[in-house]
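# Provided below are the primary sequence and the corresponding predicted coordinates.
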Amino acid sequence: SVYAPTAYEDPTKLPVVANARNALENAIMTKSGGFFVVPAFLEEWVSIPESVKQLSTFLYVCYGGGPLAKKAGEALVSAGV
């Protein structure tokens, strides 16, 4: 499991919620070939050069669930994502 259950050790702990930071970290850690995310994550990562560099290593990056800002999409494509 990418996000291990936290309740095994402490039943009062809340479950891990995916966010832009831990989603990218876990995709890299698990050596994923591709990545499917919500547009908000891409719009956050486009302003972080290291994240864009990491995204460009995937075979594919897809998004769904809503529109992606044209400026963000163009910036990612021009960076090789």
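That came through fine.
# Going by residue numbers, what spans are strands in the chain?
Per DSSP state E, the chain carries strands over the ranges 34-37, 60-63.
# tell me, how many neighbours does residue 28 end up with?
14 (other Cβ atoms under 10 Å). C-beta: built from backbone N, CA, C; applies to glycine.
# now swap in the one 3 residues further on and tell me
Here the neighbour count serves as a burial measure; for residue 31 (other Cβ under 10 Å) it reads 7.
# cool, and residue 48?
For residue 48, the neighbour count with other Cβ under 10 Å is 14.
# ditto for residue 63
Number of residues near residue 63 (other Cβ under 10 Å) recorded here: 19.
# and it, how far is that from residue 37?
6 Å (Cβ to Cβ, to the nearest Å).
# Let me have the strands of the chain in a markdown table, extended by distance to residue 9 and mean pLDDT.
A markdown table is the format used below for those (distance: least, Cβ to Cβ, whole Å; pLDDT from 0 to 100):
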| stretch | distance to residue 9 | mean pLDDT |
| --- | --- | --- |
| strand 34-37 | 28 | 92 |
| strand 60-63 | 33 | 94 |
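# Tell me which of those strands sits most buried.
Compared across those, strand 34-37 shows the largest average neighbour count, a mean of 16 (mean count of other Cβ atoms under 10 Å).
# Since that was my last question, I'll sign off now.
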